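Undergrad: quick one, fold the following:
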Amino acid sequence: MAGAVDASATPAIATSRAALAGRLRPRLVGAWEWWTTALLAWLPLRLRERLGLLPQRLLLRLHGTDLAVALERAGEPRALAVLPWHDSADGVRVLSRVLAPQLAEMPRWLVLPAGSGLRRTLRLPAAAAERLRDVVSFEIDRQTPFPTQSAVFDARVIALRDDGQLDAELVVVPRRTLDDALATLGPVADTLAGVDLDDGSGQSLGIDLLPANRRLHRTDPRRRWNLLLAAIALCALVAGMWQVLDNRRAAADAFEDASRPVIAQARAASVQRQRLANLIDGMRYLDTQRAARPTMVEILDELSRRLPDSTYLEKLAVENDRLLLIGLSSEASALVGQLEGSPLWRSPALTGALQPDPRSRRDRFTLTAELAVTEVANAPAARGGSDAGG
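TA: Numbers count the residues shown, from 1 in each chain. This is a model prediction of the structure:
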């Protein structure tokens with residue numbers, strides 16, 4: 001069941017995609033043509049004419065035994081000459097003699113009278129714009145009294161509608177009418193680029209009724225020069241961009257070479273700064289540790305006040321947070337009690353036994369105590385601030 005649904009949905013999706021593409025492509029083409037036309041409108045008319053940017057063609061109209069020649073430029077025809085056309089055998093030479101060389105090289109179009117053909121307006125899906133001529137070929141038998149084999153035709157888009165459809169115009173001319181007009185032109189007919197139809201007001205419709213096998217395709221004599229100039233311009237552009245890139249690379253290399261000494265100095269300064277920062281941190285740490293312990297002067301002052309006069313020291317040492325006292329005293333057993341309660345140390349104690357000294361009649365003692373270490377986190381900063389303030 002699912003496979004059947006998918007198989008039936010696939011053609012519908014393809015049809016919707018084709019319809020969407022058919023609606024978008026004509027609009028995109030129209031937008032592109034409008035944009036290029038608007039850009040070209042900024043150029044002076046004479047410059048556009050010299051550069052070949054204006055659509056130009058020669059329009060030939062038969063009026064009885066006369067041939068009217070007009071120049072159509074940007075959709076505006078301008079009469080050039082009216083030539084008697086009794087003998088068409090020498091028509092090519094006559095046109096070449098009458099027209100300027102620049103005009104003689106332009107594409108020639110025969111414009112049939114408005115009454116020579118039949119015009120019908122058709123409403124078709126927008127997707128038919130891609131193959132409009134093939135689509136309208138099936139409408140000739142139904143819309144006109146001419147059989148398809150005995151008529152020449154062309155079609156053009158008149159308007160695009162918002163409902164996904166377009167209005168097209170079918171133009172049909174009997175083949176015999178076209179053949180008679182070409183026979184009247186004589187050899188000039190072999191130089192035609194196309195055949196158009198008058199719209200009844202002196203303007204051409206912008207279609208081509210001439211079969212493709214009879215159209216004269218003119219080659220632009222300046223095409224090779226234009227291609228050569230375009231190739232040279234492209235090469236010059238690539239060379240210029242390459243030169244700019246090379247200049248940028250050279251400038252970047254020069255900047256890098258000039259920056260290397262500065263970068264080296266910056267790195268050396270960064271290393272010195274780091275060393276200085278480490279030194280400052282070390283000094284700050286030492287200052288903090290020193291501020292947390294009592295100074296030697298304070299220890300000596302406290303000992304001189306607490307030790308009795310009958311006691312003298314042979315050795316006084318401070319190792320980390322440990323105070324070591326070695327000396328002689330006649331009151332060695334009472335020294336611990338005398339040293340207790342000091343704010344500079346704590347837990348004083350005798351180490352080992354007392355040893356009598358017969359010469360001095362005193363006891364040799366060894367006494368230890370733990371220094372009182374306080375937490376002084378901001379001691380250097382406080383001291384520096386104090387000094388600065390003083």
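Undergrad: could I get the buried residue list for stretch 55-69?
TA: Using 16 or more other C-beta atoms under 10 Å as the test for burial, stretch 55-69 gives 57, 58, 59, 60, 61, 62, 67, 68, 69. Using the backbone N, CA and C atoms, a C-beta is placed for each residue, glycine as well.
Undergrad: mind putting those residues in JSON lines, distance to residue 199, pLDDT and secondary structure included?
TA: JSON lines is the format used below for those (distance: C-beta to C-beta, whole Å; pLDDT from 0 to 100; DSSP: H, G, I helix; E, B strand; the rest coil):
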{"residue": "57", "distance to residue 199": "16", "pLDDT": "86", "secondary structure": "strand"}
{"residue": "58", "distance to residue 199": "18", "pLDDT": "87", "secondary structure": "strand"}
{"residue": "59", "distance to residue 199": "13", "pLDDT": "89", "secondary structure": "strand"}
{"residue": "60", "distance to residue 199": "17", "pLDDT": "90", "secondary structure": "strand"}
{"residue": "61", "distance to residue 199": "13", "pLDDT": "89", "secondary structure": "strand"}
{"residue": "62", "distance to residue 199": "17", "pLDDT": "87", "secondary structure": "strand"}
{"residue": "67", "distance to residue 199": "20", "pLDDT": "86", "secondary structure": "strand"}
{"residue": "68", "distance to residue 199": "16", "pLDDT": "88", "secondary structure": "strand"}
{"residue": "69", "distance to residue 199": "19", "pLDDT": "88", "secondary structure": "strand"}
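Undergrad: dump those residues to TSV, plus distance to residue 39.
TA: Converted to TSV, those look like this (distance: C-beta to C-beta, whole Å):
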residue	distance to residue 39
57	22
58	26
59	27
60	32
61	33
62	38
67	37
68	34
69	31
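Undergrad: and of these, the nearest to residue 357?
TA: residue 57 (140.0 Å; C-beta to C-beta).
Undergrad: surely the closest one meets residue 110?
TA: No: at 10.8 Å, residue 57 does not count as touching residue 110 under the criterion of C-beta atoms under 8 Å.
Undergrad: among the buried residues of stretch 55-69, which two are most distant?
TA: Across the buried residues of stretch 55-69, no pair lies farther apart than 57 and 62, at 16.6 Å, counting by C-beta to C-beta.
Undergrad: residues near residue 293, how many?
TA: 18 (other C-beta atoms under 10 Å).
Undergrad: likewise for residue 31?
TA: 10.
Undergrad: got it, and residue 188?
TA: Neighbours around residue 188, by other C-beta under 10 Å: 20.
Undergrad: tell me the pLDDT of it.
TA: Residue 188 is assigned 83 on the pLDDT scale.
Undergrad: from what I see, it and residue 95 are in contact.
TA: Yes: taking C-beta under 8 Å as the definition, residue 188 is a contact partner of residue 95 at 6.6 Å.
Undergrad: that older thread, of all the buried residues of stretch 55-69, which comes closest to residue 149?
TA: residue 62 (25.1 Å).
Undergrad: residue contacts, the closest one?
TA: Listed by C-beta atoms under 8 Å, 6 or more residues apart in numbering, the contact partners of residue 62 are 68, 85, 110, 181, 184, 185.
Undergrad: most neighbours out of these, which is it?
TA: residue 110 (25 neighbours).
Undergrad: partner strands of the host helix or strand of residue 316, with direction?
TA: Per DSSP states H and E: residue 316 is located in strand 311-319. Sheet pairing for strand 311-319, assigned by DSSP bridges, gives strand 322-329 (antiparallel).
Undergrad: and the next helix-or-strand element following the strand it pairs with, what other elements does it pack with?
TA: Downstream of strand 322-329, the first helix or strand assigned by DSSP H and E is helix 335-339. Judged by 3 or more C-beta pairs under 8 Å, 6 or more residues apart in numbering; DSSP states H and E, the packing partners of helix 335-339 are strand 345-350, strand 362-371.
Undergrad: which one, of the ones you listed, ends up nearest to residue 117?
TA: strand 362-371 (124.2 Å).
Undergrad: quick one: strands adjacent to that closest one?
TA: Note on strand 362-371: by DSSP bridges, its sheet partners are strand 322-329 (antiparallel), strand 345-350 (antiparallel), strand 355-357 (antiparallel).
Undergrad: compute the number of surrounding residues for the closest residue to residue 324 other than its chain neighbours.
TA: Leaving out its chain neighbours, the residue that sits closest to residue 324 by C-beta to C-beta, 6 or more residues apart in numbering is residue 317, at 4.4 Å. Neighbour count of residue 317, defined by other C-beta under 10 Å: 10.
Undergrad: over to residue 140?
TA: 20.
Undergrad: residue 103: what's it in contact with?
TA: When contacts are counted by C-beta under 8 Å, 6+ apart, residue 103 is found next to 58, 71, 80.
Undergrad: out of those residues, the closest to residue 295 would be?
TA: residue 71 (115.4 Å).
Undergrad: contacts for the helix or strand containing the closest one, please.
TA: According to DSSP H and E, residue 71 maps onto strand 66-73. Outside strand 66-73, the residues that touch it by C-beta under 8 Å, 6+ apart are 49, 54-62, 77-85, 91, 95, 98-99, 103, 106, 109, 185, 204.
Undergrad: in the stretch 151-300 of the chain, what spans have low per-residue confidence?
TA: Along the stretch 151-300 of the chain, segments meeting pLDDT under 70 span 217-222.
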